[in-house]
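**Q** heads up, no residue letters with this:
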């Protein structure tokens, strides 16, 4: 592993059920579900499901993508009956 990336930790988003504040914490993946205290000191928090962008497309580029061409997958390949 590259030494420049050893101390980079993922960021997780949490919401406080007491005050409604949303906040982020950087912590190891092994601690992602551990209790988190909000900046106001409340302990009743929940980890939010984060959205992740995968691929290199921007929001407007999906319309210019080629249409799928059958044949892939189980039912597209004719193995379902």
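**A** That came through, no problem. None of these values were measured; they are calculated from a predicted model.

**Q** burial of the closest residue to residue 16 other than its chain neighbours, as a residue count?
**A** Leaving out its chain neighbours, the residue that sits closest to residue 16 by CB to CB, 6 or more residues apart in numbering is residue 38, at 3.7 Å. Any C-beta I mention is one placed from the backbone N, CA and C, and that applies to glycine too. Residue 38 has 20 neighbours, counted by other CB atoms under 10 Å.

**Q** part of a strand, is residue 38?
**A** No - using DSSP: H, G, I helix; E, B strand; the rest coil, the secondary structure at residue 38 is coil, not a strand.

**Q** Quick one, grab the pLDDT at it.
**A** With respect to pLDDT, residue 38 scores 96.

**Q** go on, residue 32?
**A** Reported pLDDT for residue 32: 85.

**Q** Nearest spatial neighbour of it, chain-adjacent residues omitted?
**A** Spatially, and ignoring its direct neighbours in sequence, residue 32 is nearest to residue 12 (5.3 Å; CB to CB, 6+ apart).

**Q** Can you name the residues that contact that neighbour?
**A** 24, 25, 26, 27, 32, 36, 47, 48, 50 (CB atoms under 8 Å, 6 or more residues apart in numbering).

**Q** make it 7 Å
**A** Each residue near residue 12 by CB atoms under 7 Å, 6 or more residues apart in numbering is listed here: 24, 25, 27, 32, 47.

**Q** now these: which count as buried?
**A** residue 25 (16 or more other CB atoms under 10 Å).

**Q** circling back to that earlier point, please name the strands paired to the helix or strand the residue nearest to residue 32 falls within in the sheet, noting orientation.
**A** Element membership for residue 12, per DSSP states H and E: strand 11-16. Sheet pairing here is set by DSSP bridges, and for strand 11-16 it gives strand 22-26 (antiparallel), strand 45-47 (antiparallel).
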